[in-house]
Every structure is written in structure tokens, then in C-alpha cells.
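# Take this sequence and fold it.
(3 chains)
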Amino acid sequence: MPELPEVETVVRGLQKVLSGRRVVSVRLGKTDFIDDPVAVEQELPGKTILAVKRFGKFLLFDLESPQQLENGTSLLIHLGMTGQLRTCPAEAPVLPHTHVFLGLNDGRELRYTDIRRFGRFAVLKNGAREVALGGLGLDPLEASEKQFCERLRGRRARMKALLLDQRVFRGIGNIYADESLWRARIHPMKLAAMLSERNLRDLYRAVQKVLTDAIRLRGSSVSDYVDSEGERGGFQQRHRVYQRHGEKCSRCGGTIRRAIVAGRSSHFCPRCQPSPRQQKPAKP
DNA sequence: CTTACGGCCTGGGTGC
DNA sequence: TGCACCCAGGCCGTAA
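The predicted structure is shown next:
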């Protein structure tokens, strides 16, 4: 599933190939994941892609029309669980479940393929971008240790729920939440308010390390994630807990468990991520 | 206000 | 061979 490191990898790949390219045509398949399909068909042709950026798990294409009548048009894309964005020659064979084809002025195409169609596609003009992204929290890689800890300190929700909440931090999903909590030795059911300052600092460092390592290895390919060139990531081989239930913890030898926390399957080592029930509240 | 939870969308994989 | 079921991320409504 594309989370921050996967989206970052895709964005870097697309930025290299797409910036300065102009969209010359739009072809759509199924459109139930597109906010306003007609707007996509009408707005994109003729627009130049100035830049491709990441905002949390969203991709943002900055677009400019030749006459520059409006400013700040952007294409917003969320890959959901199974979305793939790839460029290829226009004549390349079409993968199943490909629903958006953007023809480019260099004879290539940008294609969006999404088996489940849990993704999102939208053209946003002027202020709509701020509205769509306004509720999202801090980018964990842009946050200072102080900012990061402030966001969590005193919260009475489970740590797993807070890490997954895009209003708290944008970009973290199930894989990197589990991997970060393992690294910081924090149980996913632990309430944030029960964490010591030491715990918070450890978690900050764990998140930084896990996300930057994952970006370096071009993301995790657990199901069908591939980057903009169709290449799989490499970080899945470094996962310590995610989908490793039943295996031995590489740190303490305990048996990794899987449990539903905050409605999501969570993977952790019950031995080095001690259960909250066996733990006393942090001292004031 | 904050948190928890169930349901919904879709279809590939799994297990009977 | 079929088929019910699970599960994923985001979002929304509802309840405490």
C-alpha cells in the first residue's frame, strides 16, 4: 500500500520525467474514483505540468495553462491501496484496471491503474486545494522533535490510532506505524498520555529512521506497489514486524503477534513492546 | 471536543 | 469447480 515513502518515490520519479511536459489528451475508463470526470477531461488538455509534489499520501501536480487565466490549478491524486501511476510510450500494452490515460506532448502517456479504485483523482482550482488538504497534520519528516512530541503529548487515544490519523501526521499508514512502534518499543494499544518524554523522543527518532530508510530503498512492495517505472521497492525485506506474525522478533526472540487495534491489523512483539495493562502510568 | 466503532466502497487471495 | 469470506485506507455517521 502506498504510504509516505512509496508516494515520495513515485513523486521523485514523475518529477524527473513530467516537469515541463504538457498534457495533450485525456482518456478515461471507469470514473467512480474521480471527483468530477468532466472537469478532468476539460481542464487537463493544454496544461503544462510545472512540478509534481507530495503532500502526505497525496500527489499534487502543479499545472499551468498557456494563457495563464487562472492560477493555482492542480491535479490531486491519491493512490489508495492499489493505485499505480506510471509513464510509458503511448503504444505500450494496457494493463488491466487502467482507468486514466493522459497523453503527453513527448509521445508518452501517464497512466493510472487501480484494481480496487480506492484512490482519488481530482482537478482542483484556486482555493479548492487548500480546502482539500487543510485538515491534514504535520509531515512527519518536516516536523521537529518538539513539534512531533507536542502533537501526541497528553492525547488519550491509542498510539496506533494516532499514528494512522492523517489529521495528526500526514503520510503514515499501517506498515510504517507498526515498524516505528516496534523500533521505539511501544505497544500499539498504549495511550499517548501514558508515554514518557523518553518514549516520545524514541518514537520521533524511530519514525524518522524508518521513513528515511524506506525512502532510500524506494518503498515497500507488500502487495502490488510499484514506482513510476514499474519497479518494486526494497524495504519490505527490512520489515521487522509488519506481516511477520508467528516469526521470532529479531531484537528479543519473542514471537511476533497480530491483533486488531484501531480497526486495523497491527503487528508487534509482546515481549519488547510491553502491553499497557502490565505497565504503570508515566510519572509526572 | 475527543475518542471508538461499524459500515461502505472493490476485487484478489484464501480456504472449504 | 464454485463460492463465501476476509481485508485493505479513507471517510462518514453515530454514540459515549
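# Does stretch A:31-39 reach DNA strand B?
Yes. On the criterion Cβ under 7 Å from any atom of the strand, stretch A:31-39 is in touch with DNA strand B at A:Asp32. Glycine gets a C-beta too; all of them are placed from N, C-alpha and C.
# where along chain A do the strands fall?
Assigned by DSSP state E, chain A shows strands spanning A:23-28, A:48-55, A:58-64, A:73-78, A:83-89, A:98-104, A:108-114, A:120-124, A:257-261, A:264-268.
# who in the stretch 51-200 of chain A is up against DNA strand B?
Contact residues, the stretch 51-200 of chain A versus DNA strand B (Cβ under 7 Å from any atom of the strand): A:Pro96, A:His97, A:Ile115, A:Arg116, A:Arg117, A:Phe118, A:Arg155, A:Arg156, A:Ala157, A:Arg158, A:Ala161, A:Ala192.
# among the residues you listed, which two are most distant?
Greatest spacing in these, by Cβ to Cβ: A:Pro96 and A:Arg156 (45.2 Å).
# by contact count, what packs against the lowest-mean-pLDDT helix or strand in chain A?
Taking mean pLDDT, DSSP states H and E as the measure, the helix or strand of chain A with the lowest value is helix A:128-133, at a mean of 83. Helices and strands touching helix A:128-133, by 3 or more Cβ pairs under 8 Å, 6 or more residues apart in numbering; DSSP states H and E, are strand A:73-78.
# I figured A:Leu195 hits A:Leu203, correct?
Yes. Assessed by Cβ atoms under 8 Å, A:Leu195 is found in contact with A:Leu203 at 7.5 Å.
# can you list residues touching both of those two?
Residues touching both A:Leu195 and A:Leu203 (Cβ atoms under 8 Å, 6 or more residues apart in numbering) are A:Leu152, A:Met159, A:Ile186.
# how about the nearest residue to the second one, chain neighbours excluded?
Nearest in space to A:Met159, with sequence neighbours left out and distances taken as Cβ to Cβ, 6 or more residues apart in numbering, is A:Lys190 at 5.0 Å.
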